[in-house]
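Participant: how would this look folded up:
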Amino acid sequence: MATTFDEILLRGVRGGQIPARTQQARDWFRNQAKATRVQPETVVRQERARYKNRVSIGKMYLFNYDPKHKKTLPYFDRYPLIFPVERAGDGFYGINLHYLPYVLRAKLMDALYQLSSDDKYDEKTRLKIGYNILKGASRYKAFSPTYKRYLTNHVRSRFIEISSSEWDIALFLPLEKFEKASKREVWADSRRMAK
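Facilitator: Residues are numbered from 1 along each chain as shown. Down below sits the predicted model:
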């Protein structure tokens, strides 16, 4: 059974789009993903072949999360789409791209592509990423509202690893599921923080 990622990737490849290699291809995949209607719960269930028990720094993941301090948080994303940045004793820090509106996501991702370990965009490709790199470069300033800590014992699903050839698809699939605030409110806060 073809998954959401497989279907969009196949349409692109048949149309001559090579994922992540050119801005034109990135834009094509992002537009296809944005027009796709899918629920995060469905994606988590259908992507069993991608399940991982733990995250690796610089790879992209989607998972279900139930924050420890959800009662006091102003809002949170139930299905984070993250690049882990560094490990913490009982979890990890990562940038959750869902906290940015689509335009800022695209700008940040375009900047992050400069940190790719290679230009093959295959299963070995990852971002050579760290907090100091993000904090020190102005081209990554939009990362600020996305930087979050995740506790391993509050992860409620397996981690779904997103291949680097599918980063642009995941980036624009409407999988964010914010609790306690609308995505417009979250994105307005993120715009303010990113300035």
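Participant: What residues sit buried inside stretch 156-164?
Facilitator: For stretch 156-164, a neighbour-count test (16 or more other Cβ atoms under 10 Å) marks 157, 158, 159, 160, 161, 162, 163, 164 as buried. Just so you know, the C-beta spots here come from the backbone N, C-alpha and C atoms, and that holds for glycine as well.
Participant: Could you tell me the end-to-end distance of it?
Facilitator: End-to-end distance of stretch 156-164: 24 Å, with Cα to Cα, to the nearest Å as the criterion.
Participant: Residue 150 belongs to a strand?
Facilitator: Yes - according to DSSP: H, G, I helix; E, B strand; the rest coil, residue 150 belongs to a strand.
Participant: Can you check the pLDDT for it?
Facilitator: Residue 150 carries a pLDDT value of 98.
Participant: Could you list the low-pLDDT ranges of the chain?
Facilitator: 1 (pLDDT under 70).
Participant: Please point out which parts of whichever strand in it runs longest sit buried.
Facilitator: Longest strand of the chain, by residue count under DSSP state E: strand 81-88. Neighbour counts over strand 81-88 (16+ other Cβ under 10 Å) mark 81, 82, 83, 84, 85 as buried.
Participant: partners of it, with directions?
Facilitator: Note on strand 81-88: by DSSP bridges, its sheet partners are strand 60-62 (antiparallel), strand 91-96 (antiparallel).
Participant: Tell me the first helix or strand C-terminal of the longest one.
Facilitator: Towards the C-terminus, the helix or strand next in line after strand 91-96, according to DSSP states H and E, is helix 102-112.
Participant: what sits against the one residue sitting closest to the centre of the chain?
Facilitator: Nearest to the mean C-alpha position of the chain, by Cα atoms, centre = their mean, lies residue 81 at 3.3 Å. Taking Cβ atoms under 8 Å, 6 or more residues apart in numbering, we find residue 81 in contact with 60, 61, 62, 96, 97, 98, 162, 170, 171, 175, 176.
Participant: so which of those residues comes closest to residue 24?
Facilitator: Comparing the contacts of residue 81 against residue 24 with Cβ to Cβ places residue 171 closest, at 15.7 Å.
Participant: This structure: strands as residue ranges?
Facilitator: Using DSSP E, the strands of the chain run over 51-52, 60-62, 76-77, 81-88, 91-96, 147-151, 159-162, 178-179.
Participant: Any chance of those in JSON lines with distance to residue 107 as columns?
Facilitator: Formatted as JSON lines, the strands of the chain follow (distance: least, Cβ to Cβ, whole Å):
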{"stretch": "strand 51-52", "distance to residue 107": "28"}
{"stretch": "strand 60-62", "distance to residue 107": "17"}
{"stretch": "strand 76-77", "distance to residue 107": "19"}
{"stretch": "strand 81-88", "distance to residue 107": "15"}
{"stretch": "strand 91-96", "distance to residue 107": "13"}
{"stretch": "strand 147-151", "distance to residue 107": "16"}
{"stretch": "strand 159-162", "distance to residue 107": "19"}
{"stretch": "strand 178-179", "distance to residue 107": "21"}
